[in-house]
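**Q** here is the input, now give the coordinates:
(one chain, ligands or ions: 1)
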Amino acid sequence: MLPSPADLLAALPVPTDVLAWVRNGEGLVGWGEVARFEPEGPGRFAAADAWWREFAAEVDVHDEVGLPGTGPVAFVSMAFADEPGRSVVVVPRVVVGRLGDTTWITEFEPAGPAARSLPVRRPSVLRYAEGELSVPGYRAAVRAAVERMRAGEVAKVVLAHDLTAHAEEPVDQRFLLHNLAARYPGCWTFAVDGLVGATPELLLRRQDGRIASRVLAGTTWPRSDMTLDALADALLSSPKDRAEHAYAVRSLAEAIAPFCADLSVPDEPHVLRLPNVLHLASDVSGRAVGHASLLRLAEAAHPTAAVGGTPTPDALRLIAELEGMNRGRYAGPVGWVGADGDGELGIALRCAEVDGDVVRMFAGCGIVADSDPDREVEEAEAKFRPIRDALEG
Ligand SMILES: C=C(O[C@@H]1C=C(C(=O)O)C=C[C@H]1O)C(=O)O
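**A** The predicted structure is shown next:
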């Protein structure tokens, strides 16, 4: 039995090409690679689903545990945009999983040589630099979005920017994972093909005929002049944040309604408290009708107005125009799928793309007509905290 959240991650023997999806000590970690598929474009979800079905159907499975996450699994990280962007589906050679008190190992045969276990290394000297969209560039983009919204072009748009850190040596992704899981145990700590983070937002879970989602939108952050209770009350009674939240909930609920019976959407959001931010949160759930896999459900739901906007097509056009950067897999669905098409996909937030010694971090905010550009810059700063702190140790 593995006693603490850090321990599932401690099973990872190597510093890069690690796979993880861990929350409160439960989940999956993987390494080695038996297969990979990299779809692109608007058909990427359907292509990933078809490829995985075909692959999983060929596997001769001996599953002695029979829990969600046992048997063959693929880790998934989808591009945010139809263009540009590369999505990744990876089937690991070895998976270690944990659910409740049960811990298991899944291995493809013939088993490869055991990976030599390398100690976790702290990144050496970090130098920060602007990303593709600088802070002043981001402020200007938010200002422009507000003007366009006041002119009635869109109701909500989510704008993000990036920040780069350079280390002296390739970054040990496990160092980030350990720090994120220790500080944000209730978030889903993930790593797929170099995208590493800890997201508080569950796009969709499909399991045993149930569909669930945790929608977040509407954010505040701790400051010295207000208690956490006062901040939470202010967030719940802020018309701006409630409006941002309502768009996100509606977009998710409408997208999954055709695949669900007994859809349950809370009348009021609750406040999710994290060390760096507080969010308005709504847990939506329903009973799955039909056989649409998790990947096909995600295709219908992505991007929700938590990371895109309302109406979606106009918001996506505005994001491409005003951000002018490639989001890559940031804000796209990330997680795992099982051979039966069930699994869990979060929204890849509070994360970074790690490429050797370069770490590209992302953060974004929902913008509505009465957003203040300076506050959105501050909110993005608060959202960079988890990954920056994880890098710095
Ligand atoms: C876009 C991000 O977060 C999203 C935007 C939020 C908001 O605007 O209030 C809150 C949670 C997330 O849905 C991010 O963290 O980068």
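**Q** which SS class is the closest residue to the ligand within the stretch 101-250 of the chain?
**A** Residue nearest to the ligand within the stretch 101-250 of the chain: Thr219 (3.5 Å; C-beta to the nearest ligand atom). The way it works is simple: take the backbone N, C-alpha and C, and place the C-beta from them, glycine included. The local conformation at Thr219, judged by DSSP: H, G, I helix; E, B strand; the rest coil, is strand.
**Q** for Pro119, same thing?
**A** coil.
**Q** how near is it to Cys187?
**A** Counting by C-beta to C-beta, to the nearest Å, the gap from Pro119 to Cys187 is 25 Å.
**Q** next SSE after the helix or strand bottoming out on mean pLDDT in the chain?
**A** Least confident helix or strand of the chain, by mean pLDDT, DSSP states H and E, is helix 5-10 with a mean of 79. Per DSSP states H and E, helix 5-10 leads on to strand 19-23 as the next helix or strand towards the C-terminus.
**Q** distance between stretch 31-47 and the chain's centre?
**A** Remark: stretch 31-47 is offset 17 Å from the chain centroid, using C-alpha atoms, centre = their mean, to the nearest Å.
**Q** list the buried ones in that stretch?
**A** For stretch 31-47, burial by neighbour count (16 or more other C-beta atoms under 10 Å) applies to 31-34, 37, 39, 44-45, 47.
**Q** more crowded one of Pro119 and Cys187?
**A** Neighbour count, other C-beta atoms under 10 Å: between Pro119 and Cys187, Cys187 has more, with 24 against 7.
**Q** is the more buried one in contact with Ala348, as I believe?
**A** No - contact criterion C-beta atoms under 8 Å: Cys187 and Ala348 do not qualify, at 11.8 Å.
**Q** and stretch 107-116, what's buried?
**A** For stretch 107-116, burial by neighbour count (16+ other C-beta under 10 Å) applies to Phe108.
**Q** identify the residues contacting that stretch?
**A** By C-beta atoms under 8 Å, 6 or more residues apart in numbering, the list of residues contacting stretch 107-116 from outside reads 13-14, 31-32, 34, 91, 93-95.
**Q** kindly report the same for stretch 315-323.
**A** Contacts with stretch 315-323, where a contact means C-beta under 8 Å, 6+ apart, come from 81, 133, 141, 144-145, 148, 153-154, 156-161, 303, 305, 308-309.
**Q** that older thread, find the residues that touch each one of Cys187 and Ala348.
**A** Thr199.
**Q** burial count for Glu353?
**A** Neighbour count for Glu353, taken as other C-beta under 10 Å: 22.
**Q** tell me the contacts of it?
**A** When contacts are counted by C-beta under 8 Å, 6+ apart, Glu353 touches 194-195, 328-330, 359-360, 362.
**Q** likewise Leu202?
**A** With C-beta under 8 Å, 6+ apart, Leu202 has these contacts: 188, 212-214, 344-347.
**Q** correct me, but Asp172 touches Ser124?
**A** No - using C-beta under 8 Å, Asp172 is not in contact with Ser124; the gap is 10.3 Å.
**Q** what about the two, which has more around it?
**A** More crowded of Asp172 and Ser124, by other C-beta under 10 Å: Asp172, with 22 against 10.
**Q** quick one: residues contacting that one.
**A** Applying C-beta under 8 Å, 6+ apart, the residues near Asp172 are 15-16, 120-123.
**Q** Met78 too?
**A** Contact partners of Met78, counting by C-beta under 8 Å, 6+ apart, are 44-45, 48, 87, 298, 302, 329, 332-334.
**Q** what is the longest helix belonging to the chain packed up against?
**A** Using DSSP state H, we find that the single longest helix of the chain is helix 373-392. Applying 3 or more C-beta pairs under 8 Å, 6 or more residues apart in numbering; DSSP states H and E, one finds that helix 373-392 contacts helix 135-150, strand 156-166, helix 173-183, strand 195-199, strand 210-220, strand 351-355, strand 358-367.
**Q** tell me the contacts of Met325?
**A** Contacts for Met325 were tallied using C-beta under 8 Å, 6+ apart; they are 131-133, 161-162.
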